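J.: Structure, please.
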Amino acid sequence: MAVDTASELRKVQLVIAGKLVDAAEGETFESVNPATGKAWATIAKASNEDVDRAVAAARKAFDEGPWPRMQPFARGRVLAKMADLMRERADEIGELEAQDTGKPLARARGEILASAMVFDYYAGAGDKFFGETIPFGEDALSMTLREPLGVCAQIVPWNFPFMMSAWKLGPALAAGCTLILKPASNTPVTAQILGEIAYEAGVPEGVVNVLPGPGGQIGEYLASHPLIDKVAFTGETETGAKILKASADTIKKVSLELGGKSPNIVFADADMEKAAAAAVGGAFGNSGQVCTARTRLFLDKGQYDNFMNLIVDQTESFKVGDPMADDTLMGPVISDAQWERVNAYVEIGRNEGAEVVYGGARPSALNDGYFYQPTIFAQASNDMRIAREEIFGPVLTVIPFDDVDDVIKMANQNDYGLAGSVWSQDINKALRVAKGVRTGMMSVNGSGSAGVFGPFGGYKKSGIGRELGMHGLELYTQVKSIHIDLS
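T.: Take a look at the predicted model:
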């Protein structure tokens, strides 16, 4: 990428057919550093005309080019090279990601390395995703093939822009698809680098295209485009519903990874110190802008007061500040609009009768940017809006419960079902809760997951389909049945 020395703003272009190009209409927009509230990059603004150009390139690369026809092992070598290039540039990309998102620098660098691991995984997965043979006796042979789905539009969010792009590109490229990546308008900077890395690693012309621009315009145009075979979207639930509707007329394959309001269930027999540390990190990591954030904390009444003291103590040491400082654990939220949204929900919680026991305002020493204190509501009820609705900010709602049946019922009384945690030294009880909560992912005595090795996705309004693991390849392939008459 080039730096615009006249304006000191970093310049970001589109990637179409392997080339860096300006938008067809010549328009640009600015990306704002949320830690300062000031523009730091100027971005080419894609239009529908640019979508048509990128789709034509991706369509030609799929219909006529070598990528879908290569041996999966050969595609895997390209993906492995992409992983190596990400690691080589991890410090550079991580710094850009921290400026674009406001997340702490150490976290941003870690996400680049995690993205490289995604490409490592799919580099070795494509030639191990098998079809089947179906027994028919000596007079027939029946088998299935896994074929690449085609041209895929991939729309990613602003909370983990580089890593969410990796989650989508990795399996799509391993399967032999071609694609158009559309980054979020708030965080478009590192997507161009990912496109550059793909071509440096050896993907053929037109296989990867990158189009920053307004989601309300080009996102829906991508979803309805007749030459696109599939759309994959990660983001807000209402937007996902619009994409699903826009894709209906062309009967596209669609995968959606949407919102969450994940329960964190702590029983009286849990390891309290460990559970408290995880509760704070699980609610306030990435400024609470995580679809799997454990933002509904269900506390056993037998340990309610003790655990509240523990999490308040933990939150006091959860440093909010400059994302570039080594000791910062939480940066700003993404934008002024998101700050206002978070603050509005805090006022809603107060009006509903919940008690703010920590936070609830801008940190006094941080006047610039979009910083918000980690905020804890106590003595909340499960029917409050702060307990039902996704805030997508550093707000934790704490709800007391009586017993196993009570907490399973409350955990399930929500439109979302993405993730959750349960804490207990009684494994039978923990597994009963893990099986009883209607959510796509549950952690026992932790808040982690299988990462790239296991499926990621949810129930109910949390989405359609599963990313990561071998399940991720299912999203970008289709099954063909071949029956051979040998009689």
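J.: Low-confidence stretches in the chain?
T.: Residues of the chain that meet the criterion pLDDT under 70 lie in 1-7.
J.: Would you mind giving the domain segments of it?
T.: Domain ranges of the chain: 2-258+464-481, 263-451, per automatic domain parsing.
J.: Quick one: these as TSV, columns for distance to residue 458 too.
T.: Where you see a C-beta, it was placed from the backbone N, CA and C, and this is true even at glycine. Putting these into TSV (distance: least, C-beta to C-beta, whole Å) gives the following:
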stretch	distance to residue 458
domain 2-258+464-481	7
domain 263-451	4
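J.: is it true that residue 240 lies in a strand?
T.: No. Looking at residue 240 with DSSP: H, G, I helix; E, B strand; the rest coil, it is helix, so not inside a strand.
J.: re earlier: columns mean neighbour count on top of the domains of the chain, output as CSV?
T.: Shown next, in CSV, are the domains of the chain (neighbours: other C-beta atoms under 10 Å):
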stretch, mean neighbour count
domain 2-258+464-481, 20
domain 263-451, 19
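J.: just so I know, which of those lies nearest residue 457?
T.: Evaluated with C-beta to C-beta, those place domain 2-258+464-481 nearest to residue 457, the distance being 4.0 Å.
J.: gap between the closest one and the chain center?
T.: Centre-to-centre, domain 2-258+464-481 and its host chain are 12 Å apart (C-alpha atoms, centre = their mean, to the nearest Å).
J.: swap in stretch 392-402?
T.: 22 Å.
J.: Quick check, residue 394 in contact with residue 284.
T.: Yes. At 4.6 Å, residue 394 counts as touching residue 284 under the criterion of C-beta atoms under 8 Å.
J.: For those two, list the residues in contact with both.
T.: Counting by C-beta atoms under 8 Å, 6 or more residues apart in numbering, the shared contacts of residue 394 and residue 284 are 330, 374.
J.: What lies in contact with the strand or helix carrying residue 92?
T.: Residue 92 belongs to helix 90-101 when assigned by DSSP states H and E. Identification of contacts with helix 90-101 by C-beta under 8 Å, 6+ apart yields 10, 31, 33-35, 40-41, 86, 103-105, 107-113, 116, 158-159, 161-162, 186-190, 193, 323-324, 331, 334.
J.: What about these, which are in helices?
T.: Here DSSP state H is the test, and those give 86, 105, 107-113, 116, 161-162, 189-190, 193 as lying in helices.
J.: Closest to residue 265 out of these?
T.: Nearest to residue 265 among these is residue 107, at 26.0 Å by C-beta to C-beta.
J.: Find the residue at the geometric middle of this protein.
T.: The centroid of the chain falls nearest to residue 164 when counting by C-alpha atoms, centre = their mean (4.6 Å).
J.: sec struct for that residue, please.
T.: Of the three states, residue 164 takes helix under three-state DSSP.
J.: so what's it up against?
T.: Counting by C-beta under 8 Å, 6+ apart, the residues that residue 164 touches are 156-157, 234.
J.: Identify, from the residues you listed, the entry nearest to residue 389.
T.: residue 157 (17.7 Å).
J.: how close does residue 225 sit to residue 185?
T.: With distances taken as C-beta to C-beta, to the nearest Å, residue 225 is found 19 Å from residue 185.
J.: again with residue 326
T.: 30 Å.
J.: Give the helix, strand or coil label for residue 275.
T.: Classified using three-state DSSP, residue 275 is helix.
J.: quick one: contacts for it?
T.: 266, 307, 423, 445.
J.: Strands - which of those land there?
T.: Counting by DSSP state E, the part of the contacts of residue 275 found in strands is 266, 423.
J.: Name the surrounding residues that touch the strand or helix carrying residue 74.
T.: Using DSSP H and E, residue 74 maps to helix 72-88. Residues outside helix 72-88 that contact it (C-beta under 8 Å, 6+ apart) are 67, 93, 112-113, 115-120, 122-127, 129, 170, 173-174, 176, 197-198, 200-203.
J.: just the angle between that helix and helix 90-101, please?
T.: 80 degrees (axes from the mean of the first three to the mean of the last three C-alpha atoms, to 10 degrees).
J.: And for the closest residue to residue 440 other than its chain neighbours, the neighbour number?
T.: Nearest residue to residue 440, sequence neighbours excluded (C-beta to C-beta, 6 or more residues apart in numbering): residue 458, at 3.8 Å. Look at residue 458: counted by other C-beta atoms under 10 Å, it has 27 neighbours.
J.: the helices in the stretch 201-350 of the chain, which residues?
T.: Here the stretch 201-350 of the chain has its helices, by DSSP state H, counting those that start in this stretch, at 220-224, 237-246, 272-284, 304-316, 336-352.
J.: do you know which of those lies nearest residue 464?
T.: So among the helices of the stretch 201-350 of the chain, helix 237-246 is nearest, using C-beta to C-beta, at 8.0 Å.
J.: counting contacts, what elements does that closest one pack onto?
T.: helix 220-224, strand 230-234, strand 253-257 (3 or more C-beta pairs under 8 Å, 6 or more residues apart in numbering; DSSP states H and E).
J.: Can you tell me the strand partners of the second one and which way each runs?
T.: Strand 230-234 has the following strand partners under DSSP bridges: strand 151-155 (parallel), strand 253-257 (parallel).
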